[in-house]
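In: model the structure of this input:
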Amino acid sequence: MTDEKAVSVELSKEEQAVVDAIEKLSVVQANNVAKYFEDKYDISAPVAAVAAGGPAAGGDAEAEDEKSEFNVVLKDAGAQKIAVIKVVREVTGLGLGEAKALADNGGTIKENVKKAEAEEMKKKFEEAGAKIELE
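Out: Below you'll find the predicted structure:
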């Protein structure tokens, strides 16, 4: 992953070890780490996304033309909330309480998901009765 882009920041051995460890995490685990830093240090997700290799300045117009990654957002769980909770747990690996909170309140299920995977997730949620948006 680090070979894809030239990185302009020099890291110490300790910092590089942290980056290497984070790159080995699953998406759910990395998301939990990001949420931890958001809560602990009061940083916002856009800052974390840029630090994690988000789009560079000037690439926004091109990204809008041919968007290949999407955020999967739960807008409404619908009447079959238990079925939606099961799909949330299946897709994210969250615990029951976290999945229920997400189904109750809505919000981003997964970020930066490839188009095919995002559409597959949307289909699963819609089959369970939920309303999903791909942003």
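In: and residue 110, what does it touch?
Out: Shown in contact with residue 110 (Cβ atoms under 8 Å, 6 or more residues apart in numbering): 27, 31, 71, 72, 91, 92, 118, 121. For the C-beta atoms, the positions are set from N, CA and C on the backbone; glycine is no exception.
In: element containing the residue nearest to the first one when sequence neighbours are not counted?
Out: So the one you mean is residue 27. Residue nearest to residue 27 in three dimensions, not counting chain neighbours: residue 110, with 6.7 Å by Cβ to Cβ, 6 or more residues apart in numbering. Secondary structure from DSSP states H and E places residue 110 in strand 107-114.
In: ChimeraX command for the buried members of the contacts of residue 110?
Out: Selecting only the buried entries of these in ChimeraX, with 16 or more other Cβ atoms under 10 Å as the criterion:
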select :31,72,91,92,118,121
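In: and of the contacts of residue 110, the nearest to residue 14?
Out: residue 31 (23.2 Å; Cβ to Cβ).
In: who's in contact with residue 128?
Out: So residue 128 contacts 78, 80, 83, 84, 86, 87 (Cβ under 8 Å, 6+ apart).
In: do you know how far it is from residue 15?
Out: 42 Å (Cβ to Cβ, to the nearest Å).
In: my read is that residue 119 contacts residue 132, right?
Out: No: at 9.8 Å, residue 119 does not count as touching residue 132 under the criterion of Cβ atoms under 8 Å.
In: ok, those two, which is more surrounded?
Out: residue 132 (22 against 15; other Cβ atoms under 10 Å).
In: could you tell me whether the more buried one really is in a helix?
Out: No: under the criterion used here (DSSP: H, G, I helix; E, B strand; the rest coil), residue 132 is strand, not part of a helix.
In: that one against residue 121, yeah?
Out: Yes: under the contact definition of Cβ under 8 Å, residue 132 touches residue 121, with a separation of 7.3 Å.
In: residues shared between the contacts of those two?
Out: 72, 109.
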